[in-house]
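# here is the input, now give the coordinates:
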Amino acid sequence: MSWDSTLSYADKEGFRCGTCYEYSVFDILNREKLKLKERPLIIMEGTLVNYQNFTPEEMEERIKNLADKVKQYNGQFVFLWHNSSFGGSWKKFEYIYEKVICGNLL
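The predicted structure follows:
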């Protein structure tokens, strides 16, 4: 594994690591920098829907705001959309995924 993107809050989007840039992970027990890189997770779809009960319009606006902030600092916009979040009750949010992937929100 060369990189990881698990650092985020489940219930809140944003900059948990305080940055939108990749950085080296540090082993505090052995006091050494690892080869593993962390790419901070900025947003996860479940955060906005499951924890914050956003409407599709609110979700789209929040993603756009975060993407603009990352762009302002020339950072990496790391976005997680689980494959289990397609179809069913998630159907009304799928257009947002497509907009992000196609670059129309970024």
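# got any ranges where this structure has weak pLDDT?
Applying pLDDT under 70 to the chain picks out no residues at all.
# which residues are in contact with the longest helix seen in it?
Selection of the longest helix in the chain by residue count, based on DSSP state H, yields helix 56-72. If you take CB atoms under 8 Å, 6 or more residues apart in numbering as the criterion, helix 56-72 is touched by 13-14, 20, 42-43, 45, 48-49, 54, 76-77, 79, 92-93, 95-96, 99-100, 105-106. Placement of C-beta: from N, CA and C, glycine included.
# pull that helix out as PDB, backbone CA atoms only.
Extracted C-alpha coordinates of helix 56-72, given in PDB (Å, rounded to 0.1, in the frame of the first residue of the first chain):
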ATOM      1  CA  PRO A  56     -29.500  16.800  -3.000                       C
ATOM      2  CA  GLU A  57     -29.300  20.500  -3.500                       C
ATOM      3  CA  GLU A  58     -27.600  21.100  -0.200                       C
ATOM      4  CA  MET A  59     -25.200  18.300  -0.900                       C
ATOM      5  CA  GLU A  60     -24.300  19.700  -4.200                       C
ATOM      6  CA  GLU A  61     -23.700  23.100  -2.800                       C
ATOM      7  CA  ARG A  62     -21.500  21.800   0.100                       C
ATOM      8  CA  ILE A  63     -19.400  19.800  -2.300                       C
ATOM      9  CA  LYS A  64     -19.000  22.700  -4.600                       C
ATOM     10  CA  ASN A  65     -17.900  25.000  -1.700                       C
ATOM     11  CA  LEU A  66     -15.300  22.500  -0.500                       C
ATOM     12  CA  ALA A  67     -14.000  21.800  -4.000                       C
ATOM     13  CA  ASP A  68     -13.600  25.600  -4.500                       C
ATOM     14  CA  LYS A  69     -11.700  25.900  -1.200                       C
ATOM     15  CA  VAL A  70      -9.300  23.000  -2.300                       C
ATOM     16  CA  LYS A  71      -8.900  24.600  -5.700                       C
ATOM     17  CA  GLN A  72      -8.000  27.900  -4.100                       C
END
